[in-house]
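>>> predicted model and sequence below, questions to follow.
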Amino acid sequence: MIEVEDLSHLKEAIVILEGLKVRASNTVGERYGFKKDKSLLSVFTCKEMDKIVDKIQKNKDFSIETDAYFFEIQAKRFVSFHFNPKKGLLIVNDLTEEKKLDEAKLDFVMAVSHELFTPLSASKANVFLLKDLEKDSEKLQILEKIERSLDKMETIIRQSKVLAMVQLGLYELKMESVSVKEILEKIFEDLRRKIESKKIKLKFLLEVDELETDRFVFYTILKNLISNAVKYSYPKSEVEVIVSKEKMTVKDQGIGIKEEERERIFERFYRGAEALKMAPGSGLGLSIVKHLCNMIGYKLEVKSRWLLGSEFTVRFR
């Protein structure tokens, strides 16, 4: 038997229910209005109230995050509700401050990104103009290096925005039927210059026409995996992409990953010593892939042999 007095040190509201009636609660719960013999309907209200009541009455477990108004403190709070039917236990966790902090972090990232894009766009436009006017080959090479650096900066800014939204849980999945061929064609066009410059043979094996997924998430995962495969492949080698109903796999014949570095490849901005020599990059691509896979519930697996190539597999179930 749970004694709520023993749980007074917790920051969560711990409420023992008998049907919809409060039988007992810890100190935090009482502060929110969960007092003995009171009905939940007189403690708080939210847009999911009907669902919460139905689950409790049917003795089914549930977890919900929502904005709830508590009558006792006369305030709206963003909270999570977790119900354990075996013990008649309702756990309420106030996430309001965490949500405000996450929103502030995202606002900061978006504001910084916006401020950086303005001078970056101007710099890229000026480099383009100078390249068009310049005839000296040595100066043109310098301008091309500057252009590549600006492109890298733009990639880092865009990827940082995506990563911030995913990590803060502020991206909402939009599941729909997505054409795999259409996504692959778009990725190929986006990476065409990189693929053709290294004369990489891109081989597609599609065992399914459509997948039920989030278009942006699927596109971003696959694009980053293919981009990495091309980036770290030897010239004139082959990159194979296989997509089935259960998984997608991207194989390359590139430099591979050293065993001692394998645990770190999903860290933000981490790039192995040989990767730095092989090709430029931001070190964010695989970090984004990992976070997107976690968000949508995909399982990410890696096989690699140093100097012989890598194989990344994303399992949908």
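All right, it came through fine.
>>> which neighbouring elements make contact with the helix or strand where residue 158 lies?
Using DSSP states H and E, the element containing residue 158 is helix 137-167. Here helix 137-167 touches helix 96-133, helix 285-296, going by 3 or more CB pairs under 8 Å, 6 or more residues apart in numbering; DSSP states H and E. Using the backbone N, CA and C atoms, a C-beta is placed for each residue, glycine as well.
>>> state the distance from residue 204 to residue 213.
To residue 213, residue 204 is 17 Å away according to CB to CB, to the nearest Å.
>>> moving C-terminal from the helix holding residue 158, which element do we reach first?
Next element after helix 137-167 (DSSP H and E): strand 175-179.
>>> walk me through which strands that following strand pairs with, and which way each runs.
Paired neighbours of strand 175-179 in the sheet (DSSP bridges): strand 210-214 (antiparallel).
>>> now the strand it pairs with: how far from the chain's centre is it?
From the chain centre to the centre of strand 210-214 is a distance of 17 Å (CA atoms, centre = their mean, to the nearest Å).
>>> mean confidence for it?
For strand 210-214, mean pLDDT rounds to 94.
>>> tell me which residues of that strand are tucked away?
211, 213-214 (16 or more other CB atoms under 10 Å).
>>> re earlier: just want the angle from the helix holding residue 158 to helix 96-133.
160 degrees (axes from the mean of the first three to the mean of the last three CA atoms, to 10 degrees).
>>> for residue 315, which residues make a bridge with it?
residue 247, residue 299.
>>> no no, residue 214
With DSSP bridges applied, residue 214 shows beta-bridge pairing to residue 175.
>>> looking at this, residue 261 is in a strand?
No - looking at residue 261 with DSSP: H, G, I helix; E, B strand; the rest coil, it is helix, so not inside a strand.
>>> and it, how many residues sit next to it?
17 (other CB atoms under 10 Å).
>>> now do the phi/psi pair for residue 53.
phi -60, psi -40 (degrees, to the nearest 10).
>>> tell me the contacts of residue 306?
Residue 306 makes contacts with 255-259, as judged by CB atoms under 8 Å, 6 or more residues apart in numbering.
>>> could you check how far it is from residue 232?
12 Å.
>>> for residue 77, same thing?
48 Å.
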